[in-house]
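**Q** A predicted structure for the sequence below; I have some questions about it.
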Amino acid sequence: MSPRPGGDVSNSSEFATMGSGEYRAEIDRRRSAGVLALEIARRHTGLILVLTYLTVTVVARMEDVWFFRHFRINIFNYSDPEDFFTASMRNSEVWLFFLVPTLILFGVSWFLSKRLTSEKPAILAAKWNRPGLRLALSAIVVVAVAAAATSFKAKQRFGRVEAGRGRHVTFARTDGVSYDEQPLLIGTTGSFFFLYYVQRKVTEIVPVENTALMTVDLQSKTGNPAPATGATGNTPRLNR
């Protein structure tokens, strides 16, 4: 309900809340987007943490999507729900891709807020120049930079695998299948191993339940590995 006729409405919070066109809150265009972000984080800490984790997880999962596309594999066909939620832990470098541009933008925001205390640029009068909009644009920039860095990392990762660099494994299977080449372990999900044979340029997808033994060779190699009989469990001789 509105204030009674003839009453003093100059200090009426009720009238200000309802708004009739006679009261308009002035937007503080000098307010830093970084300060606004910290205020939102303090008020809605749980929600911000959940949204942050989900955003990082989506970008981290896209690294696997981009990487396995080079092998013509749709990773979603071999994934379980837990593979999605643990993507940011499997590809932990993605956190750094988010952290670095965020810190840079916070520094820029702080620097500009210090300058604007003594200067009054005309851009502050623009209707679009609001702290909320600047914060939203900053968030978009951070996600875009992280996604671009993740895509580049996936491409580099594929280049190393194609050149034969990575984790060579001795692989024994329960179904008796074996090949005369030691493969690279290029990825895993909760239910599958992904192996790449450099000499044949073939990718093999092996269910976890078909795996009897897997030995990871941590020593670097300067040449192609010698043939290996993984199914029999014999130790392969490697060219070093």
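**A** Right, received. Where do you want to start?
**Q** show the end-to-end separation of stretch 64-73, please.
**A** Stretch 64-73 has an end-to-end distance of 10 Å (criterion: Cα to Cα, to the nearest Å).
**Q** adjust the sequence numbering to begin at 687 for everything that follows.
**A** New numbering, starting at 687: the last item is stretch 750-759.
**Q** and that stretch, what's buried?
**A** 750, 751, 752, 753, 754, 757, 759 (16 or more other Cβ atoms under 10 Å). The way it works is simple: take the backbone N, C-alpha and C, and place the C-beta from them, glycine included.
**Q** could you do stretch 835-851 as well?
**A** Buried-residue list, stretch 835-851, by 16+ other Cβ under 10 Å: 835, 836, 837, 839, 840, 843, 844, 847.
**Q** now the first one: which helix or strand?
**A** Under the criterion DSSP states H and E, the helix or strand holding residue 835 is helix 817-848.
**Q** next helix or strand past that helix?
**A** Following helix 817-848 toward the C-terminus (DSSP H and E): strand 853-859.
**Q** and the angle for that next one with helix 817-848?
**A** 70 degrees (axes from the mean of the first three to the mean of the last three Cα atoms, to 10 degrees).
**Q** neighbouring strands for strand 853-859, and are they parallel or not?
**A** strand 870-874 (antiparallel), strand 897-903 (antiparallel) (DSSP bridges).
**Q** which ones are touching residue 853?
**A** 870, 871, 902, 903, 904 (Cβ atoms under 8 Å, 6 or more residues apart in numbering).
**Q** can you list the domain ranges for this protein.
**A** Per automatic domain parsing, the domain ranges recorded for the chain read 719-848, 853-917.
**Q** adding mean pLDDT, write those domains out as CSV.
**A** Formatted as CSV, the domains of the chain follow (pLDDT from 0 to 100):
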stretch, mean pLDDT
domain 719-848, 85
domain 853-917, 78
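**Q** which residues in the chain form helices?
**A** Assignment of helices within the chain using DSSP state H yields the ranges 699-704, 719-729, 731-755, 767-771, 773-776, 779-801, 817-848.
**Q** could you say what helices and strands the longest one packs with?
**A** Where contact means 3 or more Cβ pairs under 8 Å, 6 or more residues apart in numbering; DSSP states H and E, helix 817-848 is packed against helix 719-729, helix 731-755, helix 779-801.
**Q** what packs against the shortest one?
**A** It stands for helix 719-729. helix 779-801, helix 817-848.
**Q** tilt between that helix and helix 817-848?
**A** 90 degrees.
**Q** list of residues touching helix 719-729?
**A** With Cβ under 8 Å, 6+ apart as the criterion, helix 719-729 contacts 734, 791, 792, 795, 796, 799, 817, 818, 820, 821, 824.
**Q** could I have it exported to PDB, CA atoms only?
**A** This file holds the C-alpha atoms of helix 719-729, laid out as PDB (Å, rounded to 0.1, in the frame of the first residue of the first chain):
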ATOM      1  CA  ALA A 719      33.900  -4.900 -10.800                       C
ATOM      2  CA  GLY A 720      36.400  -6.800  -8.600                       C
ATOM      3  CA  VAL A 721      34.800  -5.300  -5.400                       C
ATOM      4  CA  LEU A 722      31.400  -6.300  -6.700                       C
ATOM      5  CA  ALA A 723      32.600  -9.900  -7.300                       C
ATOM      6  CA  LEU A 724      34.000 -10.200  -3.800                       C
ATOM      7  CA  GLU A 725      30.700  -8.900  -2.300                       C
ATOM      8  CA  ILE A 726      28.700 -11.500  -4.300                       C
ATOM      9  CA  ALA A 727      31.100 -14.200  -3.300                       C
ATOM     10  CA  ARG A 728      30.700 -13.300   0.400                       C
ATOM     11  CA  ARG A 729      26.900 -13.300   0.100                       C
END
